[in-house]
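In: Need coordinates for the below:
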Amino acid sequence: MKAKISFLLLLLISIPSIAADFDLDYAVLRGDEVNDVVEVYLMIPRILFDFVESDGAYRSSAYVRVAFAFDDTVRQMKEWSFTDRVDNPNQITDTQKIPEIVTINVPKGKYRIIAIVMDLNSKKTFRKETDILVKDFAFDKLELSDIQLSGQASRTEMQNKFSKYFNYDIIPNASNIYGDQNPMIYAFCEIYNLKTGAGQSESYQVQYTITNINDKIIQQNEWLTKKKPGASAVEIKGMNIAELNSGLYNFKIAVKEENAGAETVGFKRFYIAKNDQNKLMADVMEEVNLSALSEKELIELFNPLKYYATDKERKMFRKSNVEGKRNIINNFWKTRDSDPTTPLNEAEFEYQQRMKYVAEQFSSPQRVGWKTDMGRVFLIYGQPSEIERFPSSLETKPYQIWYYYEFEGGAIFVFVDKSGFGMMELVHSTARNELQDEAWERWIRPMGDSDNDYY
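Out: Residues are numbered from 1 along each chain as shown. Model (predicted):
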């Protein structure tokens with residue numbers, strides 16, 4: 001398929017120039033029992049292409065291929081080409097990006113998306129990859145599709161590849177980065193399995209929330225009541241982010257049917273990069289003067305990093321002298337920066353934010369937050385997708401189940417207050433390399449019952 005794009009400036013998105021190559025993102029929508037519908041989004045900087053003079057103007061030409069691979073075998077693939085035109089190459093800036101979208105039906109399962117962009121003039125090739133779980137959506141309980149984020153949504157009379165329901169053009173922001181020039185953020189998702197028919201409510205409720213990465217509410221709308229169009233519905237919502245500072249955030253959409261006792265929540269991570277970036281770095285990422293720290297203090301600083309460190313790094317740290325320990329800590333996050341071209345090391349930033357959260361939420365007079373089981377799990381895996389809390393009763397001790405839907409096809413962590421003094425301990429998880437105990441429910445029984453399982 002070949003798509004000729006004229007006057008492409010109409011579709012150009014201007015966002016902070018953070019990535020060196022192009023951006024890649026996706027959203028999974030429910031299909032049928034076998035296949036889901038996957039929308040793949042690209043945001044391609046104009047400066048990647050060479051523009052050649054032709055007929056009084058300058059043109060670039062690009063070829064794009066998007067493939068879904070499993071075990072080094074391509075399972076699904078689409079390819080196309082497009083052209084871009086400009087009167088003067090000096091009009092091109094490093095913030096201009098060309099949005100692209102492709103829709104592919106993909107069998108449920110785990111894949112790796114491989115996207116290739118080639119400049120047909122210079123023959124330069126650019127490549128991006130990301131893992132994806134094409135999930136097995138339910139057909140009998142309330143669920144949401146993935147959330148697509150955009151910085152531009154408007155009504156249209158002419159249908160095109162960016163058109164959604166209700167004659168809206170929603171231009172996906174594959175970078176999920178917003179700046180001073182983006183005062184609004186728009187979210188799109190689909191709702192599945194609303195209850196309809198006799199005895200069912202004719203409406204559902206929806207709420208939109210922006211939180212920081214520790215799930216603290218930054219903005220939140222009241223619950224809105226909407227009429228059900230049928231068993232499925234579509235949500236398109238914009239929220240003003242002009243007053244938000246630079247940092248990482250979550251856009252959350254919650255949907256519930258009160259009479260059916262059903263509720264579901266979806267979220268999508270986004271990043272704001274503004275002119276206050278340097279202030280953010282100073283406030284949140286204030287450097288520690290490692291040269292002034294003793295060996296004992298360096299060990300204390302490295303201890304929570306053990307959750308992220310490799311076996312080799314841990315061994316090197318133990319064997320190193322004081323200066324060696326300083327070097328290891330100083331370079332620890334530099335090697336984990338997924339995009340060194342950004343002014344912010346996202347991995348270190350997220351670690352610092354999580355450390356603040358576990359210190360506030362899980363610390364006790366007996367133990368600092370990162371040393372607790374909940375603190376350790378939060379540091380490694382981040383905010384759970386969902387938490388079930390069960391208070392104490394005559395039949396059970398207090399316990400919580402944390403659900404993570406974003407890795408390993410979904411994982412759970414079960415914590416129980418064994419002692420009754422408020423210290424939640426991990427008793428079971430389905431995640432790899434974590435404590436697994438299929439008989440974990442014995443821990444929630446009163447002490448006498450759980451003891452009988454051992455003696």
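In: in stretch 54-68, what's buried?
Out: Across stretch 54-68, burial judged by 16 or more other C-beta atoms under 10 Å covers Tyr58, Arg59, Ser60, Ser61, Ala62, Val64, Arg65, Val66, Ala67, Phe68. For the C-beta atoms, the positions are set from N, CA and C on the backbone; glycine is no exception.
In: okay, now the domains of the protein?
Out: Domain assignment of the chain by automatic domain parsing yields the ranges 1-135, 138-275, 282-362, 384-455.
In: What degree of burial does Pro384 show, as a neighbour count?
Out: By other C-beta atoms under 10 Å, the residues close to Pro384 number 20.
In: picking that back up, reformat the domains of the chain as CSV; add distance to Gly375 and mean pLDDT.
Out: As requested, those are arranged in CSV below (distance: least, C-beta to C-beta, whole Å; pLDDT from 0 to 100):
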stretch, distance to Gly375, mean pLDDT
domain 1-135, 27, 84
domain 138-275, 12, 86
domain 282-362, 4, 82
domain 384-455, 10, 83
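In: Centre-most residue in the protein?
Out: Central residue of the chain (C-alpha atoms, centre = their mean): Arg269, 4.1 Å from the mean position.
In: hang on, Asp94 is in a strand, isn't it?
Out: No: counting by DSSP: H, G, I helix; E, B strand; the rest coil, Asp94 is not part of a strand but coil.
In: I'd say it and Leu48 touch.
Out: No: counting by C-beta atoms under 8 Å, Asp94 does not reach Leu48; the two are 10.2 Å apart.
In: Give me the more crowded residue out of these two.
Out: Leu48 (19 against 10).
In: Tell me if I'm right that that one and Thr125 touch.
Out: No: contact criterion C-beta under 8 Å: Leu48 and Thr125 do not qualify, at 10.2 Å.
In: end-to-end on stretch 208-217?
Out: End-to-end distance for stretch 208-217: 11 Å, by C-alpha to C-alpha, to the nearest Å.
In: now swap in stretch 363-376 and tell me
Out: 11 Å.
In: Any chance you could list what contacts that stretch?
Out: 303-304, 307, 355, 358-362, 379, 415, 422-426 (C-beta atoms under 8 Å, 6 or more residues apart in numbering).
In: for the stretch 1-150 of the chain, what spans make up the strands?
Out: Secondary structure of the stretch 1-150 of the chain (DSSP state E, counting those that start in this stretch): strands at 2-4, 13-14, 23-29, 35-45, 52-54, 57-70, 73-86, 96-107, 109-119, 125-134, 143-144, 148-155.
In: Packing partners of the third one?
Out: Based on contacts counted as 3 or more C-beta pairs under 8 Å, 6 or more residues apart in numbering; DSSP states H and E, the elements that strand 23-29 packs against are strand 35-45, strand 109-119, strand 125-134.
In: and among the ones you listed, the most buried is which?
Out: strand 35-45 (a mean of 21; mean count of other C-beta atoms under 10 Å).
In: That one pairs with which strands?
Out: Note on strand 35-45: by DSSP bridges, its sheet partners are strand 23-29 (antiparallel), strand 96-107 (antiparallel).
In: Flag every buried residue along stretch 257-275.
Out: Glu257, Ala262, Thr264, Gly266, Phe267, Lys268, Arg269, Phe270, Tyr271, Ile272, Ala273, Lys274.
In: for those, which one is nearest Tyr403?
Out: Thr264 (11.9 Å; C-beta to C-beta).
In: In TSV, list the strands paired with strand 35-45 along with distance to Lys371 and mean neighbour count.
Out: Compiled in TSV, the strands paired with strand 35-45 are given as follows (distance: least, C-beta to C-beta, whole Å; neighbours: other C-beta atoms under 10 Å):
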stretch	distance to Lys371	mean neighbour count
strand 23-29	36	20
strand 96-107	42	19
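In: Return the residues in contact with Tyr271.
Out: Contacts of Tyr271 (C-beta under 8 Å, 6+ apart): Asn176, Ile177, Tyr178, Gly247, Leu248, Tyr249, Glu346.
In: what about 6 Å?
Out: By C-beta atoms under 6 Å, 6 or more residues apart in numbering, Tyr271 lies in contact with Ile177, Leu248.
In: what about it, which SS state?
Out: strand.
In: For it, give its distance to Ser338.
Out: 12 Å (C-beta to C-beta, to the nearest Å).
In: Give me the nearest residue to the residue nearest to the centre of the chain, chain neighbours excluded.
Out: Nearest residue to Arg269, sequence neighbours excluded (C-beta to C-beta, 6 or more residues apart in numbering): Asn250, at 5.8 Å.
In: so the one you found touches Val265, yeah?
Out: No: if you go by C-beta atoms under 6 Å, Asn250 and Val265 don't touch, sitting 10.3 Å apart.
In: In TSV: the domains of the chain, plus distance to Asp373.
Out: What follows is the domains of the chain, written out as TSV (distance: least, C-beta to C-beta, whole Å):
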stretch	distance to Asp373
domain 1-135	26
domain 138-275	18
domain 282-362	9
domain 384-455	4
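In: Mind listing the residues bridging to Tyr399?
Out: For Tyr399, the beta-bridge partners are Phe390, Val416 (DSSP bridges).
In: hang on, isn't it packed against Val416?
Out: Yes: in this structure, Tyr399 is within contact of Val416 by C-beta under 6 Å, at 4.4 Å.
In: quick one, which of those two is more surrounded?
Out: A side-by-side neighbour count of Tyr399 and Val416, using other C-beta under 10 Å, places Val416 first with 25 against 22.
In: coming back round to it: out of the buried residues of stretch 54-68, which one sits closest to Ala187?
Out: Nearest to Ala187, judged by C-beta to C-beta, of those is Val66 at 22.9 Å.
In: How about that closest one: which residues does it bridge to?
Out: Lys78, Ala115.
In: how about it, what does it touch?
Out: Val40, Lys78, Val102, Ala115.
In: Ala27 is in contact with the first one, correct?
Out: No: Val40 sits out of contact with Ala27 when judged by C-beta under 6 Å, with a separation of 8.6 Å.
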